[in-house]
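S.K.: Need coordinates for the following:
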Amino acid sequence: MRAVLQRVIQASVAVDGAVVGAIERGWLVLLGVSEHDTEKDLAFITDKTINLRVFPDDADKFNLSLLDVKGAVLVVSQFTLYADCRKGRRPSFAEAAEPGKAKSYYEHYIAALKAAGVAVASGVFQAKMAVQLTNDGPVTIVLDSHKE
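M.R.: The predicted model follows:
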């Protein structure tokens, strides 16, 4: 799995002009699922999302996790994280999971975050979405469970 975590002050996602998910302080997560992903990959990405210490403490040091700051997560499915642009000018998405598997892992990721006590909002799987955010920092972390 691949995830791009952007620390945000606020973020929202809209479908057909209507906001379907919004958060205040926390992570905007762009989540991509590959054909090779397993439950181990899901657990790795979930743990890192919740426990990475990249929120500032009172001394402005990266010492606090999402849970520590009671942050929220906005999850947006993003199969294009598996774009392979090495050949030609049109990306290949052959490594991206087929929609059934990708949706299942996307939903399990959201459920795992909620089970850990995190407030979660999300986009609509396979919809054309407009994402708005205000970066905090900016801090952007790229996770790839196959490079752990």
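
S.K.: Can you pull out the low-pLDDT segments for the chain?
M.R.: 148 (pLDDT under 70).

S.K.: Show me what the longest strand anywhere in it is in contact with.
M.R.: Determined from DSSP state E, the single longest strand within the chain is strand 129-144. Here strand 129-144 makes contact (C-beta atoms under 8 Å, 6 or more residues apart in numbering) with 1-15, 20, 25, 28, 44-45, 48-49, 52, 54, 76, 123. The way it works is simple: take the backbone N, C-alpha and C, and place the C-beta from them, glycine included.

S.K.: Please narrow these to those residing in helices.
M.R.: Counted as lying in helices by DSSP state H, out of the contacts of strand 129-144, are F44, I45, K48, T49.

S.K.: Contact partners for the last one?
M.R.: Spelled out, it's T49. Counted by C-beta under 8 Å, 6+ apart, T49 has contacts A3, L5, W27, V29, L66, V73, L113, L143.

S.K.: ok, now the second one?
M.R.: When the contact criterion is C-beta under 8 Å, 6+ apart, the partners of I45 are M1, A3, L31, Y109, L143, S145.

S.K.: go on, A112?
M.R.: A112 makes contact with L42, A43, T46, according to C-beta under 8 Å, 6+ apart.

S.K.: Kindly report the same for D37.
M.R.: M1, A97, K101, Y105, S145 are the contacts of D37 under C-beta under 8 Å, 6+ apart.

S.K.: out of the contacts of T49, which are inside strands?
M.R.: Those of those lying in strands (DSSP E): A3, L5, W27, V29, V73, L143.

S.K.: burial measure for the residue nearest to the second one when sequence neighbours are not counted, as a count.
M.R.: Spelled out, that is L5. Distances taken as C-beta to C-beta, 6 or more residues apart in numbering put I141 closest to L5, at 4.4 Å, once the chain neighbours are dropped. Neighbour count of I141, defined by other C-beta atoms under 10 Å: 15.

S.K.: Tell me the spacing between the residue nearest the centre of the chain and Q132.
M.R.: For the chain, the residue nearest the mean C-alpha position is V29 (2.1 Å; C-alpha atoms, centre = their mean). Relative to Q132, V29 is positioned 15 Å away (C-beta to C-beta, to the nearest Å).
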